[in-house]
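> Here's a sequence, model it:
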Amino acid sequence: MIKEATLKNHTHTSNGEQKSFHFIAGLPRSGSTLLCNILNQNPRFHATATSGVVSMLLAIKNNWNNIQEFKAVRNENAKLRVIRSMLLAFYSDIDKPLIFDKSRGWPANFEMLEEILGHKVKMLVPVRDIRDVLASFEKLHRKESKTGQTSQEKAFPIEFQTVEGRCEIFMKANQPVGSAYNKVKDALQRGYGDRMHFVFFEELTTNPKRVMKEVYAFLGEDYFDHDFKNVEQTTKEDDFFHGFKDLHTIRREVKPVSSEWREVLGSFAERYDKYNFWNRAIKKDAPTVVSENSEK
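Modelled structure (predicted):
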């Protein structure tokens, strides 16, 4: 049993403020790292690099009933307490009242999050024209291919011989773009749109102050005056383990990023515009989304 004093240390800051948890998901190459580092300018906020917390919690949830004794004596409440205590304990050393955990896996786990926290959660979801996401990955591939080989190219050597083939691979359900896309789409279809706030990459990089004011309004927090010309990179991760160099490196100044998909990919990429459902969505209602299986 968790002692009350220990639990309080996990759920409160040193000055007695209640800790709150928010979550960041969305598409890769869509500004999530930039968003986290902007948020970290606020001294009350702690936003993470890509986090393994969701995998840790799922490991407990999914393996609990594999323990023979727990099969014989079921205790779902104990399971929930343990999962919750793991989340709280992981961030017990962070003395800030608002914690933002970033993982593309969170949209698939709204149910678990709300069960262990006991309330509706709030999730920031950076998105970007899917064609520019694919163009960004294509540019990373070309950079990596000068002296190395990505895991995708090793696994799909035939498909990776063409730009079109590489895009199809990146959109597969078990690959970076397709996996993240499917998780966001499915969360909306499950009715969690009111918990999700889309942060459009194109708007974040052109009008960051307005976008961040909308983020603060969604979070119910007083606005903090961010310095968009001097965003220090406080989140650190070794991109070697993600398979691409400079995958999570940001520029110090927030400024517009030109759309390059036509030049990088070619006209065939127009077909992917149908995936940009967030351009037509009302957040509180699940949008009409493409029905194609991303495995194709």
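> Could I have the CA atoms of stretch 157-172 written out in PDB?
In PDB, the C-alpha atoms belonging to stretch 157-172 read as follows (Å, rounded to 0.1, in the frame of the first residue of the first chain):
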ATOM      1  CA  PRO A 157      14.700  -2.600 -50.400                       C
ATOM      2  CA  ILE A 158      12.500  -2.900 -53.500                       C
ATOM      3  CA  GLU A 159      10.000  -0.300 -52.500                       C
ATOM      4  CA  PHE A 160      12.700   2.100 -51.400                       C
ATOM      5  CA  GLN A 161      14.100   2.300 -55.000                       C
ATOM      6  CA  THR A 162      11.600   5.100 -55.800                       C
ATOM      7  CA  VAL A 163      10.200   8.200 -54.200                       C
ATOM      8  CA  GLU A 164       6.700   6.900 -54.600                       C
ATOM      9  CA  GLY A 165       7.600   3.500 -53.100                       C
ATOM     10  CA  ARG A 166       9.200   5.200 -50.100                       C
ATOM     11  CA  CYS A 167       6.100   7.300 -49.400                       C
ATOM     12  CA  GLU A 168       3.900   4.200 -49.500                       C
ATOM     13  CA  ILE A 169       6.200   2.500 -46.900                       C
ATOM     14  CA  PHE A 170       6.100   5.600 -44.600                       C
ATOM     15  CA  MET A 171       2.300   5.500 -44.800                       C
ATOM     16  CA  LYS A 172       2.100   1.800 -43.700                       C
END
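> how far does it sit from the chain's center?
24 Å (Cα atoms, centre = their mean, to the nearest Å).
> Residues in contact with it: which ones?
134, 137-138, 141, 152-153, 156, 175-178, 181, 265-266, 268-269, 272, 294-295 (Cβ atoms under 8 Å, 6 or more residues apart in numbering). Quick note: C-beta positions are derived from backbone N, CA and C, even for glycine.
> Give me the buried subset of those residues.
Buried by 16 or more other Cβ atoms under 10 Å: 134, 137-138, 141, 152-153, 156, 175-178, 181, 265, 269, 272, 294, out of the contacts of stretch 157-172.
> Spell out which helix or strand contains the residue lying closest to T206 once chain neighbours are set aside, please.
Leaving out its chain neighbours, the residue that sits closest to T206 by Cβ to Cβ, 6 or more residues apart in numbering is P256, at 4.7 Å. P256 belongs to no helix or strand when assigned by DSSP states H and E.
> continuing past the least confident helix or strand in the chain by mean pLDDT, what's the next helix or strand?
Of all helical and strand segments in the chain, the minimum by mean pLDDT, DSSP states H and E falls on helix 4-11, at a mean of 53. The helix or strand immediately downstream of helix 4-11 is strand 20-24, counting by DSSP H and E.
> pull the CA atoms of that following strand into PDB?
Output of strand 20-24 as PDB, limited to C-alpha atoms (Å, rounded to 0.1, in the frame of the first residue of the first chain):
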ATOM      1  CA  SER A  20      -1.500  18.000 -13.500                       C
ATOM      2  CA  PHE A  21      -0.700  15.800 -16.500                       C
ATOM      3  CA  HIS A  22      -1.200  16.800 -20.100                       C
ATOM      4  CA  PHE A  23      -0.200  14.900 -23.200                       C
ATOM      5  CA  ILE A  24       1.300  15.600 -26.600                       C
END
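> and the angle from the helix or strand following that strand to strand 20-24?
Using DSSP H and E, the helix or strand that follows strand 20-24 towards the C-terminus is helix 32-39. Per axes from the mean of the first three to the mean of the last three Cα atoms, to 10 degrees, the angle that helix 32-39 makes with strand 20-24 is 150 degrees.
> counting contacts, what elements does the following helix or strand past helix 32-39 pack onto?
As assigned by DSSP H and E, the chain's next helix or strand after helix 32-39 is strand 45-50. If contacts are counted by 3 or more Cβ pairs under 8 Å, 6 or more residues apart in numbering; DSSP states H and E, strand 45-50 sits against helix 32-39, strand 98-102.
> contacting residues around the helix or strand harbouring D132?
Under the criterion of DSSP H and E, D132 resides in helix 130-144. Identification of contacts with helix 130-144 by Cβ under 8 Å, 6+ apart yields 27-30, 150, 152-153, 160, 163, 166-167, 170-171, 176-177, 181, 201, 243-247, 259-261, 264-265, 269-270, 272-273, 275-276.
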